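> predicted structure and sequence below. I'll ask about it afterward.
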Amino acid sequence: MITAKEASLRNREICGLAPIIPVLVVDDAASARPLAEALVAGGLPALEVTLRTPAALDAIRAMADVPGGVVGAGTLVTPQDVKNAVAAGAKFGVSPGATDALVAACEDAGLPLLAGAATATEAMAMLEKGYDVLKFFPAEASGGAPALKAIGAPLPQIHFCPTGGVSLKNANDYLSLPNVLCAGGSWVAPADLVRDGKWDEIETLARDASKLER
Ligand SMILES: O=C(O)C(=O)C[C@H](O)[C@H](O)COP(=O)(O)O
């Protein structure tokens, strides 16, 4: 079990680890460990493995004991996803949205949930449940940093990890907002570099991202 309050505190800690949480789509579980090692070495310890590929759960298993890393599962949609993620060793969960069933499943399983919200009403619904750290998704398509800034005016008590269309170019627009703790993005682990095992290049991308100010 984990309460909403405990989950929010844990999310705050995870979002505090680095300015960027890499959002990872892993096609081959064999690449998971060196990928995680490169990102952690580059200064990005919190990693989100999306449950969008058949290899995702094995990837989480392979990453779970990388020293210094904190591995979570993304794209949580169903209670079964939550069970699978916890069994694989995920330490936090991320979802594009939030449903009552998903929130309850994460609380029952003791998994801190970084739930997605794109509107004031969605954010307020999660706040009513006790969650004051949320993912802003899809960030760019939902109006980007200006939209998140506008949501923060009446709801400054809710903090966000914007994800979806965030890049090295626009990350600062988000990270400079008072209601942003960190951002999520896939650009630090491009599919071609992962496929070709270019771990040094991924470490460099991670290091650049880790130096973003917030
Ligand atoms: O499936 C999830 O749970 C997600 O977290 C979705 C991701 O946030 C975005 O797909 C990342 O977007 P890009 O950085 O623009 O590639």
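Everything's here; your move. Numbers count the residues shown, from 1 in each chain.

> hmm, the worst-scoring helix or strand of the chain on mean pLDDT in reach of the ligand?
Ranked by mean pLDDT, DSSP states H and E, the weakest helix or strand in the chain is helix 191-195, scoring a mean of 95. No - shown here: helix 191-195 not in contact with the ligand (C-beta under 6 Å from any ligand atom), separated by at least 10.4 Å. Just so you know, the C-beta spots here come from the backbone N, C-alpha and C atoms, and that holds for glycine as well.

> CA atoms of that helix as CSV?
Provided in CSV are the C-alpha atoms of helix 191-195 (Å, rounded to 0.1, in the frame of the first residue of the first chain):
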residue,chain,number,x,y,z
ALA,A,191,16.2,4.8,-31.4
ASP,A,192,19.1,4.7,-33.9
LEU,A,193,21.7,5.3,-31.2
VAL,A,194,20.2,2.6,-29.0
ARG,A,195,20.0,0.2,-31.9
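
> which parts of the chain sit against the ligand?
So far as C-beta under 6 Å from any ligand atom goes, the chain lies against the ligand at 23, 50, 74-75, 94-96, 137, 163-166, 184-186.

> returning to that earlier point: for the least confident helix or strand of the chain, buried residues please.
Within helix 191-195, the residues that count as buried by 16 or more other C-beta atoms under 10 Å are 193-194.

> what do you get for stretch 16-36?
Buried residues in stretch 16-36 (16+ other C-beta under 10 Å): 17-26, 29, 31-36.
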